[in-house]
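>>> no sequence on this one, just coordinates:
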C-alpha cells in the first residue's frame with residue numbers, strides 16, 4: 001500500500017542544515033536523530049502489514065520518511081531452510097507415488113524441497129550403468145517450480161534382498177545375511193572401492209549444483225540411517241569409529257561444495273549426550289547432522305540428540321525428520337507441541353515430513369503454521385527511516401533495525417539493499433550496505449531476538465569533476481518508490497521477507513523518496 005506522507009513547506013538548505021548535512025554533500029550527523037524524533041502517524045490501513053509515517057523535526061518542521069513493518073506471519077520460501085517432503089522413502093511408493101507430475105506440494109506452506117532416499121541397487125543395477133532418470137525426474141519437477149532437492153543413497157534395506165547392487169558382492173565384497181536380506185561388510189575394501197566409484201560419478205552430476213539442498217551420507221547402516229541395531233544382534237558383527245570415518249572421508253573427497261550430513265545415529269540411536277568422537281569428526285569436515293528419529297517413541301524419549309545439535313547449528317544447517325506420521329500416531333508418540341519444541345531445541349533449518357503431504361497438512365495445519373514462523377531464519381526489518389528528500393551527489397543516511405526471528409542463522413548471508421524505482425518499475429538506484437551481513441544476526445527465544453540497529457550512508461549518482469568537464473550518469477530527479485531487500489553484494493535480492501509489497505523480485509516497498517538535482 002502506498003505510504004501516506006505528511007509534507008510541510010521548508011527551505012531545502014534549512015532542512016539539511018537542521019538535520020546535520022551540509023549542502024557541500026558531507027554527512028555529518030544525519031543518522032543520530034533519525035529514529036528518535038516524534039512520529040506523526042499516517043492513515044495507511046491495516047492490510048499492508050506496515051505503517052508508514054512522517055517524522056517531524058520540531059525545530060525545522062522538515063519531514064523524514066518512516067516505515068514500521070509488521071510480520072505477516074506466513075510461511076517463507078527461502079534457500080537453506082523449510083519443509084522437506086519425501087518422494088522416495090526407500091520404497092518407490094512412499095510418498096510421492098500419488099502425486100501428479102505437476103504436483104510439487106506447493107499447497108503445503110513452506111514446502112520447497114523434495115527428498116529422494118533410494119537404494120543404490122536401483123541407481124546402478126550394473127557396474128558403471130546408471131539410472132539417473134529415477135532421480136532427475138522428480139528433481140526437475142521441483143526445480144522447474146523453483147524448488148530444491150536432497151539425496152540419500154542407501155546400501156542396506158530390510159524390505160528387499162539387497163540395497164547394495166548384487167554385482168558388488170559378485171566382485172568379491174563380503175556381506176552378512178539377515179532374515180533373507182544382505183548387509184554389506186562396511187569395512188570391506190571391495191565394497192568401499194565400489195561405493196567410492198559411485199559417489200565420484202554422483203558428485204560429478206550434483207556437487208555444487210545450486211538446486212541441491214543437501215546430500216545425506218547413506219551408504220552406512222540400515223535404511224542409510226547410520227545404525228545397525230537391527231542387524232548386529234543377529235549376525236554378531238559391528239562397526240565403529242574408523243569405519244564411519246572412512247565413509248565420511250569418502251563422501252567429503254567428492255562432494256566439496258554441497259552440504260553433507262550424517263545421521264545422528266552414527267553416535268548410537270538411543271545414546272544421549274552432547275559430544276561424540278564421530279560427530280565431532282563429522283563437524284571437523286564441515287558436515288552437519290540429520291536426526292530422523294523425532295517422535296518415534298512417546299515422551300520422554302521423543303528424541304535423543306538435541307544436545308548433539310548444539311555443536312552444529314551455530315555454523316551449519318541442522319536437518320530434522322519426524323517418524324512416519326501414521327505410525328507415530330498409532331504408537332502414541334505424536335505430539336504437535338513437541339514437534340515445535342524439537343525445532344526450537346535443535347535450532348532446525350529443515351524439517352522433513354514422513355507421510356502423504358496432503359493428509360499431514362490436513363491433520364496438522366495449526367502447528368505447521370506456527371513452525372513456519374520459527375523454522376530456519378526469518379529476517380525482519382521492523383523499522384526504517386530515510387530522508388524525505390535527497391540530492392544527487394550528496395550523502396544521506398537510512399536508519400534501519402534488523403532481527404532474525406527464526407531459530408537458526410541465515411547461513412548463506414546477505415546484505416541490505418535499498419532500491420529506488422520509477423512508476424514503470426524501472427530501477428533508478430540500487431544502494432547496498434556491504435558493512436552488514438545478516439548472517440551475523442543472533443537468534444533467540446520467540447520475540448526475544450536481539451535487534452541490530454544499522455546506519456547506512458549512500459550517495460546517488462555522484463559527479464566526477466575533471467579538468468575536461470563534470471561527469472555523471474543519467475539519473476532524472478523525481479519522486480520514486482523506495483524498496484528494501486536482502487541479497488548479494490550487487491543488490492540482487494535473495495530472500496523473501498515477511499511483508500507485503502513484494503515487487504515480484506523479493507524487493508518490498510516501504511515508501512517514497514524525492515530525488516533532487518545537483519546543488520549549484
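Yep, it's here. None of the values given here were measured: they were computed from a predicted structure.

>>> how many neighbours does residue 401 have?
17 (other CB atoms under 10 Å). C-beta: built from backbone N, CA, C; applies to glycine.

>>> and the nearest residue to residue 116 once chain neighbours are set aside, how close does it get to residue 320?
Nearest residue to residue 116, sequence neighbours excluded (CB to CB, 6 or more residues apart in numbering): residue 88, at 5.0 Å. Noted for residue 88: a distance of 19 Å to residue 320, by CB to CB, to the nearest Å.

>>> if you count surrounding residues, which of these two has more?
residue 320 (28 against 23).

>>> where's that one, which helix or strand?
Residue 320 is located in strand 319-322, with elements delineated by DSSP states H and E.

>>> quick one: low-confidence parts of this protein?
Along the chain, segments meeting pLDDT under 70 span 1-62, 520.

>>> walk me through the domains of it.
12-74+378-516, 82-372 (automatic domain parsing).

>>> so how far is the shortest one off the chain centroid?
Average the C-alpha atoms of domain 12-74+378-516, do the same for its chain, and the two points are 24 Å apart (CA atoms, centre = their mean, to the nearest Å).

>>> now residue 325: closest residue in space that isn't a chain neighbour?
residue 355 (3.6 Å).

>>> give me the distance between that neighbour and residue 298.
Taking CB to CB, one finds residue 355 at 18 Å from residue 298.

>>> between the two, which one's more packed in?
residue 355 (23 against 14).

>>> ok, the more buried one to residue 165 distance?
29 Å.

>>> just the buried residues of stretch 165-181, please?
Within stretch 165-181, the residues scored as buried using 16 or more other CB atoms under 10 Å are 165, 167, 168, 169, 173, 175, 176, 178, 181.

>>> repeat for stretch 97-114
99, 104, 105, 108, 109, 110, 111, 112, 113, 114.

>>> for the second one, give its distance to residue 149.
Put plainly, it is residue 104. 11 Å.

>>> then the first one?
For residue 99, the distance to residue 149 (CB to CB) stands at 14 Å.

>>> ok, the fourth one next?
From residue 108 across to residue 149, the span is 16 Å (CB to CB).

>>> and the last one, by the same measure?
Separation of residue 114 from residue 149 (CB to CB): 5 Å.

>>> which of the buried residues of stretch 165-181 fall within strands?
175, 176, 178, 181 (DSSP state E).

>>> ok, the third one touching residue 233?
Just to be clear, that refers to residue 178. No. Contact criterion CB atoms under 8 Å: residue 178 and residue 233 do not qualify, at 9.5 Å.

>>> around residue 369, how many other residues sit close by?
14.

>>> that one touches residue 72, doesn't it?
No. Assessed by CB under 8 Å, residue 369 is found out of contact with residue 72, at 11.7 Å.

>>> for the strand holding residue 320, name the packing helices and strands.
Helices and strands touching strand 319-322, by 3 or more CB pairs under 8 Å, 6 or more residues apart in numbering; DSSP states H and E, are strand 288-294, helix 336-346, strand 350-353.

>>> recalculate using a threshold of 10 Å.
strand 82-89, strand 111-119, strand 212-216, strand 260-263, strand 288-294, helix 306-312, helix 336-346, strand 350-353 (3 or more CB pairs under 10 Å, 6 or more residues apart in numbering; DSSP states H and E).

>>> save the ones you listed as JSON lines, and put in distance to residue 417 too.
Formatted as JSON lines, the helices and strands packed on strand 319-322 follow (distance: least, CB to CB, whole Å):
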{"stretch": "strand 82-89", "distance to residue 417": "23"}
{"stretch": "strand 111-119", "distance to residue 417": "23"}
{"stretch": "strand 212-216", "distance to residue 417": "25"}
{"stretch": "strand 260-263", "distance to residue 417": "31"}
{"stretch": "strand 288-294", "distance to residue 417": "29"}
{"stretch": "helix 306-312", "distance to residue 417": "30"}
{"stretch": "helix 336-346", "distance to residue 417": "29"}
{"stretch": "strand 350-353", "distance to residue 417": "27"}
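
>>> nearest to residue 475, of those?
When these are compared by CB to CB, strand 111-119 sits nearest residue 475, at 37.5 Å.

>>> follow-up on the earlier one: what sits in contact with each of residue 369 and residue 72?
Listed as contacting both residue 369 and residue 72 by CB atoms under 10 Å, 6 or more residues apart in numbering is no residue at all.

>>> which neighbours do residue 114 and residue 149 share?
84, 87, 138, 139, 141, 142, 143, 213.

>>> give me the element the fourth one is part of.
Assessed by DSSP H and E, residue 139 sits inside helix 133-143.

>>> tell me which residues are up against that helix.
With CB under 10 Å, 6+ apart, helix 133-143 has contacts from 85, 87-88, 92, 96, 99-106, 111-116, 118, 122-123, 132, 147-151, 153, 202, 205-206, 209-212.

>>> ok, now with 6 Å
Residues from elsewhere that reach helix 133-143, judged by CB atoms under 6 Å, 6 or more residues apart in numbering: 87, 104, 114, 116, 149, 211.

>>> for the third one, give the beta-bridge partners.
When bridges are assigned using DSSP bridges, the partners listed for residue 114 are residue 85, residue 149.

>>> let's verify residue 442: helix, strand, or coil?
Look at residue 442: counting by DSSP: H, G, I helix; E, B strand; the rest coil, its state is coil.

>>> so how far is residue 406 from the residue nearest to it when sequence neighbours are not counted?
Closest residue to residue 442 apart from its sequence neighbours, by CB to CB, 6+ apart: residue 450 at 5.0 Å. As judged by CB to CB, residue 450 and residue 406 stand 13 Å apart.

>>> higher neighbour count, these two?
residue 406 (27 against 11).

>>> quick one: that one is in a helix?
No. Secondary structure of residue 406 (three-state DSSP): coil, not part of a helix.

>>> my guess is it contacts residue 377, does it?
Yes. Look at residue 406 against residue 377 with CB atoms under 6 Å: they come within range, at 4.1 Å.

>>> mind listing the helices for the protein?
Assigned by DSSP state H, the chain shows helices spanning 12-19, 120-123, 133-143, 166-170, 189-206, 232-235, 241-254, 277-284, 306-312, 325-330, 336-346, 357-372.

>>> can you lay out the ones you listed as JSON lines showing distance to residue 220?
Listed next are those as JSON lines, based on distance: least, CB to CB, whole Å:
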{"stretch": "helix 12-19", "distance to residue 220": "64"}
{"stretch": "helix 120-123", "distance to residue 220": "12"}
{"stretch": "helix 133-143", "distance to residue 220": "20"}
{"stretch": "helix 166-170", "distance to residue 220": "14"}
{"stretch": "helix 189-206", "distance to residue 220": "9"}
{"stretch": "helix 232-235", "distance to residue 220": "13"}
{"stretch": "helix 241-254", "distance to residue 220": "5"}
{"stretch": "helix 277-284", "distance to residue 220": "11"}
{"stretch": "helix 306-312", "distance to residue 220": "17"}
{"stretch": "helix 325-330", "distance to residue 220": "24"}
{"stretch": "helix 336-346", "distance to residue 220": "22"}
{"stretch": "helix 357-372", "distance to residue 220": "28"}
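
>>> out of those, deepest packed?
helix 120-123 (a mean of 21; mean count of other CB atoms under 10 Å).

>>> now find how far off-centre stretch 67-76 is within its chain.
With CA atoms, centre = their mean, you get 17 Å for stretch 67-76.

>>> what about stretch 371-387, start to end distance?
Counting by CA to CA, to the nearest Å, you get 37 Å between the two ends of stretch 371-387.

>>> I'd like the distance from that stretch to the chain centre, please.
Remark: stretch 371-387 is offset 14 Å from the chain centroid, using CA atoms, centre = their mean.

>>> which outside residues touch it?
With CB under 6 Å, 6+ apart, stretch 371-387 has contacts from 34-35, 64-69, 71, 73, 75, 81, 109-110, 340, 343, 349, 351, 396, 398-408, 410, 438, 484, 486, 495, 497, 510.
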